[in-house]
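1. Here is a sequence together with a model predicted from it:
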Amino acid sequence: MRPEATLVRAAQRRDRSAFDELATLHRDRLRLHCYRMLGSYHDADDAVQDTFLRAWRSLGGFEERSGIGTWLYRIATNTCLNMIRNRPRVVVPTHVTLGARPAAADVAWLEPYPDAQMPAPVEDQPEARIVAKEATRLAFVAAVQLLPPRQRAVLLLRDVLMWSAAEVADALGTTVPAVNSALQRARSRLGEPRDVDAYSADVEAIVDKFVLRWEALDIEGIVALLTEDAVMAMPPDPAWYFGRSEIGGFFATVPANGRIDLIRLVRTRANGQPAAAAYIPVEEGGYEGYGLMVFDTTGDRISGIIGFSGARLMEMFRLPDRLPTEDR
């Protein structure tokens, strides 16, 4: 890989291979930023493609007042803002702001993000107010979707990417006072960032127990793994479930009419969290990919489950479309 400055100069001379190398260097980080803006992995992928198309067309105007990465983030952020304008406005019920209803129940386009496609961490990155792990969790991404678009962009640029207020104002074509005001309102709506513990094997062990009890059709055992105030949501369905009793009742009656032991679970990871892909039996034999559950944990219990349906999730997470009959 050639040095970035060399690639930029070559790309400005319309060297497409140099530009493609630049795109490779920045693609993963831009996609994650767009995902935080948009809440959808597929929309984020589209936004990154559009970002690179716009960048290629306007690269001659890049004045190197900032790094190429910063310039690309500017384009990506404004591309996302344009995409958000075409979405329906989310009307947030009062009880969302009070913290009872999970934000995921009101974000119809929410999708998980495969850990396998997360960018490598940057060791010399300045300490952010909202650390990268917290800013990738599904609950955070869903909550950010309920912010007005400009507040969302300001929050992510200031508190996650650690841009200065002046840099954000320049990128969004506004003023520093307007940026500071938007940031204050966004922080007020989101509350203080969660203190995310370092990843540990204990988190995986909790979900391992969940899978074992699922396969044993042990609904009571599953319920015992939940916190009293656990919540479950399944976007795009606005329905949600609160507490052990409601979630246990759902598992006992809805998936496979309560025969959850017929559904195979395959462990994976999404949004920096433990997850499990679900495979349902099919008439011709074997199991077909159906959906994905992403788990949030508090202490030694599961405090949140967000479920997603759709066979394309298997491809996103590089999992097989089908499992053979004997696979368990």
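-> Looks like it arrived, so ask away.
2. Strands of the stretch 151-300 of the chain, start to end?
-> 226-234, 237-242, 264-270, 273-281, 287-298 (DSSP state E, counting those that start in this stretch).
3. So which bits of the host helix or strand of A76 are buried?
-> Using DSSP states H and E, the element containing A76 is helix 68-85. Neighbour-count burial for helix 68-85, counted by 16 or more other CB atoms under 10 Å, picks out 68, 71-81, 83-84. To be clear about C-beta, it is placed using only N, CA and C from the backbone, and glycine gets the same treatment.
4. want to throw the strands of the stretch 151-300 of the chain into a markdown table with mean pLDDT and distance to A23?
-> As requested, the strands of the stretch 151-300 of the chain are exported to a markdown table (pLDDT from 0 to 100; distance: least, CB to CB, whole Å):
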| stretch | mean pLDDT | distance to A23 |
| --- | --- | --- |
| strand 226-234 | 96 | 35 |
| strand 237-242 | 92 | 36 |
| strand 264-270 | 97 | 25 |
| strand 273-281 | 96 | 28 |
| strand 287-298 | 96 | 28 |
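5. okay, these in a markdown table with mean neighbour count and distance to A5 next?
-> Converted to a markdown table, those look like this (neighbours: other CB atoms under 10 Å; distance: least, CB to CB, whole Å):
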| stretch | mean neighbour count | distance to A5 |
| --- | --- | --- |
| strand 226-234 | 20 | 46 |
| strand 237-242 | 15 | 49 |
| strand 264-270 | 21 | 35 |
| strand 273-281 | 22 | 37 |
| strand 287-298 | 21 | 40 |
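6. Determine which of the ones you listed approaches W214 most closely.
-> strand 264-270 (5.9 Å; CB to CB).
7. So which elements touch the closest one?
-> helix 201-215, strand 273-281, strand 287-298 (3 or more CB pairs under 8 Å, 6 or more residues apart in numbering; DSSP states H and E).
8. now do 10 Å
-> Here strand 264-270 touches helix 201-215, strand 273-281, strand 287-298, helix 312-316, going by 3 or more CB pairs under 10 Å, 6 or more residues apart in numbering; DSSP states H and E.
9. and of these, who's closest to Q117?
-> Short answer: helix 312-316, nearest of the helices and strands packed on strand 264-270 by CB to CB, at 8.3 Å.
10. circling back to that earlier point, got the strands of the stretch 151-300 of the chain as a markdown table, with distance to R312 columns?
-> Converted to a markdown table, the strands of the stretch 151-300 of the chain look like this (distance: least, CB to CB, whole Å):
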| stretch | distance to R312 |
| --- | --- |
| strand 226-234 | 16 |
| strand 237-242 | 17 |
| strand 264-270 | 14 |
| strand 273-281 | 12 |
| strand 287-298 | 9 |
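11. mind checking which of those strands is nearest D50?
-> Smallest distance to D50 across the strands of the stretch 151-300 of the chain (CB to CB): 24.3 Å, for strand 264-270.
12. May I see the buried residues of the lengthiest helix in the chain?
-> Determined from DSSP state H, the single longest helix within the chain is helix 16-38. Within helix 16-38, the residues scored as buried using 16+ other CB under 10 Å are 18-19, 21-23, 25-27, 29-38.
13. Likewise for stretch 111-128?
-> Quick answer for stretch 111-128 (16+ other CB under 10 Å): E111, P112, Y113, P114, D115, Q117, M118.
14. Ok, stretch 210-227 next?
-> Quick answer for stretch 210-227 (16+ other CB under 10 Å): F210, V211, R213, W214, D218, I219, I222, V223, L225, L226, T227.
15. my guess is the third one contacts G248, does it?
-> This points to R213. No - counting by CB atoms under 10 Å, R213 sits too far from G248 to count as a contact (11.3 Å).
16. Mutual contacts of those two, please.
-> I219, E220, I222, V223, A224 (CB atoms under 10 Å, 6 or more residues apart in numbering).
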